[in-house]
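A.B. asks: fold the stuff below for me.
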Amino acid sequence: MITIGIIDDHSLIINGLLKMLQDEPAYQVLFTAQDGADLLQKLSEETPDVLLLDIELPDTNGIDLCKKLLILYPKLAVIALTNHDDVVYVRKMMRNGAMGYLLKGTEKESLLQAIETVAAGEQYIDKQIEQQILQQSIHGRKATAYVKLTNRELEILALIANEYSNQEIADKLFLSVRTVESHRHSLNQKLNIKTTAGLVKEAYLRGLI
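C.D. replies: Residues are numbered from 1 along each chain as shown. Below you'll find the predicted structure:
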């Protein structure tokens, strides 16, 4: 039997998942939670094999929470459960240790397959977004061939993605703020991006960070 935990701040989603699992003898839902604090309390009492984790929660975000959970419970198999089909979210969750990525509204067959797959130690990506990931990965590989970033630019790009300000980057790398600004301008020019959010997203899509 595969034991399961569910965390989502919408009762409608939780009830829908429970309904899909209730007549399946091979699965047992140990608990449900609606925020991160509640989840941590329930995990301290009993740990399931698989956790269905909503990315957007009222007291935290699932991306950061996933990383924290796997430090505390390294054997836990996490499936991100979300409405986000953006590749950036997929990569962030997978890099933080999630074993699966499933869109809300998925059919029962896909849900069961995802649970079985991650419980067996393998990764599962929702079929609705597999093609998008493939296309964007191909785009990223092609685009990267035409963009050459210096080691310093890659270093600054990683810090930008981690929400460092220009001053914080300058202090960390022992540079002047003007030098950091110059590197940021160069990154924007090379990647043909105007905003910080766009820069980070493009960097993820290209596999630069």
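A.B. asks: distance check, the residue lying closest to residue 112 once chain neighbours are set aside against residue 100.
C.D. replies: Spatially, and ignoring its direct neighbours in sequence, residue 112 is nearest to residue 24 (6.9 Å; Cβ to Cβ, 6 or more residues apart in numbering). All C-beta spots, glycine's among them, are computed from the backbone N, C-alpha and C. Counting by Cβ to Cβ, to the nearest Å, the gap between residue 24 and residue 100 amounts to 17 Å.
A.B. asks: more neighbours: the two, which one.
C.D. replies: More crowded of residue 24 and residue 100, by other Cβ atoms under 10 Å: residue 100, with 26 against 15.
A.B. asks: the more buried one reaches residue 117, doesn't it?
C.D. replies: Yes - using Cβ atoms under 8 Å, residue 100 makes contact with residue 117 at a distance of 6.8 Å.
A.B. asks: name the residues contacting each of these two.
C.D. replies: 123, 124 (Cβ atoms under 8 Å, 6 or more residues apart in numbering).
A.B. asks: give me the below-cutoff pLDDT ranges for this protein.
C.D. replies: Applying pLDDT under 70 to the chain flags residues 131-146.
A.B. asks: quick one, strands of it?
C.D. replies: For the chain, strands defined by DSSP state E occupy the ranges 2-7, 27-33, 50-54, 77-82, 100-103, 124-125.
A.B. asks: what lies in contact with the shortest one?
C.D. replies: Strand 124-125 is contacted from outside by 79, 90, 99, 100, 101, 102, 113, 114, 117, 118, 133, using Cβ under 8 Å, 6+ apart.
A.B. asks: hmm, the first one is touching residue 113, no?
C.D. replies: No - at 10.9 Å, residue 79 does not count as touching residue 113 under the criterion of Cβ under 8 Å.
A.B. asks: those two: which is more packed in?
C.D. replies: residue 79 (26 against 16).
A.B. asks: any idea how far that one lies from residue 206?
C.D. replies: With Cβ to Cβ as the criterion, residue 79 and residue 206 are 26 Å apart.
A.B. asks: equivalent analysis for residue 30, please.
C.D. replies: 40 Å.
A.B. asks: next: residue 95.
C.D. replies: Distance from residue 95 to residue 206, by Cβ to Cβ: 15 Å.
A.B. asks: pull out the buried positions in stretch 40-59.
C.D. replies: 42, 43, 47, 48, 49, 50, 51, 52, 53, 54, 55, 57 (16 or more other Cβ atoms under 10 Å).
A.B. asks: ugh, typo on my part, it should be stretch 168-183
C.D. replies: So for stretch 168-183, counting by 16+ other Cβ under 10 Å, buried means 169, 170, 173, 175, 179, 180, 183.
A.B. asks: and it, end to end?
C.D. replies: 14 Å (Cα to Cα, to the nearest Å).
A.B. asks: which residues touch that stretch?
C.D. replies: 152, 153, 155, 156, 159, 160, 164, 166, 167.
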